[in-house]
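> mind folding the following:
(chains A and B)
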Amino acid sequence: MMQIMEGSHAVALAVKVARPNVVAAYPITPQTHIVEDISQLIADGDLAAEYVKVESEHSAMSVCIGASATGARTYTATTSQGLALMHEVLFNAAGMRLPIVMTVANRALSAPLNIWNDHQDSISERDSGWIQVYAEDNTEASDMTVQAYKIAEDNRTSIPMMVCMDGYTLTHTYEPIDVLEQDLVDSFLPPYQPIDVLDVDDPKSFGMFADPNYYTEFRFQNHKALEDAETVMTEVSAEFGEIFGRDYGGLIETYRCDDAEYVAVALGSVVGTLKDTVDDLRAQGERVGAIKVRSYRPFPVAEIQSALTGVEAVGVLDRNVSLGFEGALFTDIKASLYGSKSTPNMYGFIAGLGGRDVTKRTFMKMFKKMQTSKAVEESEFSDLKPELLEEV
Amino acid sequence: MKEVRIHGRGGQGSVTAAELLAIAAFEDGKYSQAFPFFGVERRGAPVTAFTRLSDKKIRLRSQIYEPDYVIVQDATLITAVDVTAGLKPGGIVIVNSEKSADNVGIDQRIDTRTIDATGIALEIIGRPIVNTTLLGAFAGATGEISIESINKSVLARFPGKVGELNVQAAEKAYALMSAPREPQKHVKQRIRAKRESKVQPEGEKIIKGVIGRPGTSEATKTGDWRVFYPEFDMEQCIRCGKCLENCPDAAIREHVLHGKKAEEAKRRAEELEKTGKIKKAAAKKAHIQYQLNPEYCKGCGICANECPIKGIQMKLEEK
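Sure, this is the predicted structure:
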């Protein structure tokens, strides 16, 4: 049913219909509305879950780990500094193979202090062993929250999953949402059936010590689970599509790429603006297309290869920087295309950091550079203000 | 697609206005999108919020640079913010002001409509919260949205008496703005943004993670955010300093009288004390005066709230 609401509220309602048993979270802008709404739902008796108030994000994730190990379905949400504070325990959640679901309301990292949107926070947790997806709009953020439980809890994966949605740009935006109905969600998402649980009558070791004889094999299995998640995610999306009418397809979405010579690639909510730019340029006869990378981990190498092989040039917009190198998505796109038959020219663009607006103009300039440049510089910061820079 | 940009000040409900507009459009069967641009989240600080209305699903996520309509919730923003920047040809600007459209300081070529929303809100709602009144004005002036849907969205957000009063205010503004009017002005070209003042060549560059010119809050004259100002009763004041300590903008200062002026103040206070009109504590420090710095007082009312003797009254500023 279509209703208009704030993105944060849409996510809270998606959490509600997923029926978690335990929610533990610490408020931080721009995530706050999500957990406020969930605690309200619990206080009003609309969601039968335990809300654990904690003193930090490190504790929030630790509570989720403990609860999940007992077989509870768990949820938390955070952003930016809060996610950074969770860093240590994120690896524990993944290493213990606990299917915790978390919303990341993406925001920049300090210093300088900045509360606005970019992807540095979640990208910096790339190697934590969590599945990471990025939503383009609030319906997708809501849909992926419910899908996340099914993906994370699948026996082939058993891996925690973060659903990333742009802070403010999605969390604080009102727009029509296709609200998920409880009975349909119940038919899509069965109760969590853990393989192993903490049980005094049947003791098992969770998060134990592993010496060099064992550690590598734990890591290998963790890695394998993320790779296998690719199949699970595609299957779950198809099943979701059958019930709710929205199949997001694989781990990437291609937009007007069929005969495209120049393709731009991005994550998250800027993809909407990118699609509008592609339509404008197509109307002028330009053969351009767009790729939305829905899943950053696992990274859809095969899908990227098949979508981009043979195109003239690829431009990647990163809302993060791996300082000292380039945008993280750009690195991965290049690596995916290594050794393919006809490698396109590739350009990296770093834009939209700390809430700087990404406009159609940003993408127009990207396409222009792809069409005209002789690849002198592969990677650049878009929309820089030279007047603020120290002269070198 | 129609794009609306709302300029207001923190606490005036600009973000709520954008949201209610989007909800009303959805009620009318349209797609809509509303989002804020948060700067400093402080009561009185300039705030921008955006709403898009369309017959198709809206994918665009950037801010609105070329609006079809602009709503200005506070006319004092016109000198501080380039409110008409990018306005599309044929665009309409709605300003909360008791002045006529020709006298609010907006480019004469632009189709500007003014409405005394503060007056209407004070009269009907009893508080200078103008957002719902301006939504009624928007519905009347543009016809983009039905007043019924505006009312519905207002009542859903503010149930009960508060909602009803807000609806009355919106209805009144709607009636005023949808009345027949003179032929409209038309600007042929998009309104250009005024050139932003260049950053000073020295001092404000970023050098190794540091900005070279601190203390810029002094340049932020928060005084023009004010709707109410505090009036001090210096006869009753016991000089406890609570107002001074709690003022978030350090806009209250102590002024010590000397010589003849101090003696005169003391004599007067002693007389009042004898008649029992003021307390001893007030009489003892009569030579100390509290003064308001109007350049920085933003009228938040924290001083009045903190004053233990209720000796500070918030008065409506004449603008």
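> assign the residue of chain B found nearest chain A to helix, strand or coil.
Nearest to chain A in chain B, going by C-beta to the nearest C-beta, is B:Arg59, at a distance of 3.4 Å. Placement of C-beta: from N, CA and C, glycine included. Following DSSP: H, G, I helix; E, B strand; the rest coil, B:Arg59 is assigned to coil.
> ok, the nearest residue to it once chain neighbours are set aside to A:Ala108 distance?
Closest residue to B:Arg59 apart from its sequence neighbours, by C-beta to C-beta, 6 or more residues apart in numbering or on different chains: A:Gly272 at 3.4 Å. Distance of A:Gly272 to A:Ala108, given as C-beta to C-beta, to the nearest Å: 20 Å.
> the two: which is more packed in?
A:Ala108 (25 against 21; other C-beta atoms under 10 Å in any protein chain shown).
> doesn't A:Tyr75 lie inside a helix?
No: secondary structure assignment (three-state DSSP) places A:Tyr75 in strand, not in a helix.
> can you report how many residues lie near the closest residue to it other than its chain neighbours?
Leaving aside its chain neighbours, A:Tyr75 sits nearest to A:Pro20 (4.4 Å; criterion: C-beta to C-beta, 6+ apart). Look at A:Pro20: counted by other C-beta under 10 Å, it has 25 neighbours.
> hang on, isn't A:Pro20 packed against A:Arg73?
Yes: using C-beta atoms under 8 Å, A:Pro20 is in contact with A:Arg73, at 4.6 Å.
> before we move on, back to that, pull the contacting residues for the residue of chain B closest to chain A.
Neighbour list for B:Arg59: A:Asp137, A:Gly272, A:Thr273, A:Lys275, A:Asp276 [criterion: C-beta atoms under 8 Å, 6 or more residues apart in numbering or on different chains].
> quick one: which of those residues sit in helices?
Among these, the members found in helices (DSSP state H) are A:Gly272, A:Thr273, A:Lys275, A:Asp276.
> got a list of what the residue lying closest to the last one once chain neighbours are set aside touches?
Nearest residue to A:Asp276 in three dimensions, chain neighbours excluded: B:Leu60, at 5.1 Å (C-beta to C-beta, 6+ apart). Shown here is B:Leu60, whose contacts under the criterion C-beta under 8 Å, 6+ apart are A:Gly272, A:Thr273, A:Asp276, A:Lys360, B:Met1, B:Arg52.
> how far away is the residue sitting furthest away from the middle of chain B from A:Gly250?
Relative to the mean C-alpha coordinate of chain B, counting by C-alpha atoms, centre = their mean, the farthest residue is B:Lys274 (44.7 Å). Separation of B:Lys274 from A:Gly250 (C-beta to C-beta): 89 Å.
> tell me the one of the contacts of B:Arg59 nearest chain B?
For the contacts of B:Arg59, the nearest to chain B is A:Gly272 (3.4 Å; C-beta to the nearest C-beta).
> which ones are touching the closest one?
By C-beta under 8 Å, 6+ apart, the neighbours of A:Gly272 are A:Glu136, A:Asp137, B:Ile58, B:Arg59, B:Leu60, B:Arg61.
> got phi/psi on the last one?
What that stands for is B:Arg61. When quoted as degrees, to the nearest 10, the phi and psi of B:Arg61 stand at phi -120, psi 0.
> my read: it touches A:Val270, true?
Yes: using C-beta under 8 Å, B:Arg61 is in contact with A:Val270, at 6.5 Å.
> of those two, who's got more company?
A:Val270 (29 against 25).
> which residues touch that one?
A:Asp166, A:Leu317, A:Arg319, A:Gly352, A:Val358, B:Arg61 are the contacts of A:Val270 under C-beta under 8 Å, 6+ apart.
> partner residues bridging the first one?
If I follow you right, that is A:Asp166. Note on A:Asp166: beta-bridge partners A:Asn106, judged by DSSP bridges.
> so it sits against A:Gly268, correct?
Yes: using C-beta under 8 Å, A:Asp166 is in contact with A:Gly268, at 5.2 Å.
> what number of residues lie near the residue lying closest to A:Glu50 once chain neighbours are set aside?
Excluding the flanking residues, the one nearest A:Glu50 by C-beta to C-beta, 6+ apart is A:Val22, at 4.9 Å. Residues near A:Val22, counting by other C-beta under 10 Å, number 20.
> separation between A:Val22 and chain B?
31 Å (C-beta to the nearest C-beta, to the nearest Å).
> can you pull the contacts of that residue?
With C-beta under 8 Å, 6+ apart, A:Val22 has these contacts: A:Ala49, A:Glu50, A:Val52, A:Val63, A:Cys64, A:Ala67, A:Ser68, A:Ala72, A:Arg73, A:Thr74, A:Tyr75.
> pick the one among those closest to chain B.
Chain B lies nearest to A:Tyr75 out of these, by C-beta to the nearest C-beta, at 24.9 Å.
> what about that closest one, distance to A:Asn106?
On the measure of C-beta to C-beta, A:Tyr75 and A:Asn106 end up 18 Å apart.
> what does A:Arg97 give?
In terms of C-beta to C-beta, A:Arg97 sits 25 Å off from A:Asn106.
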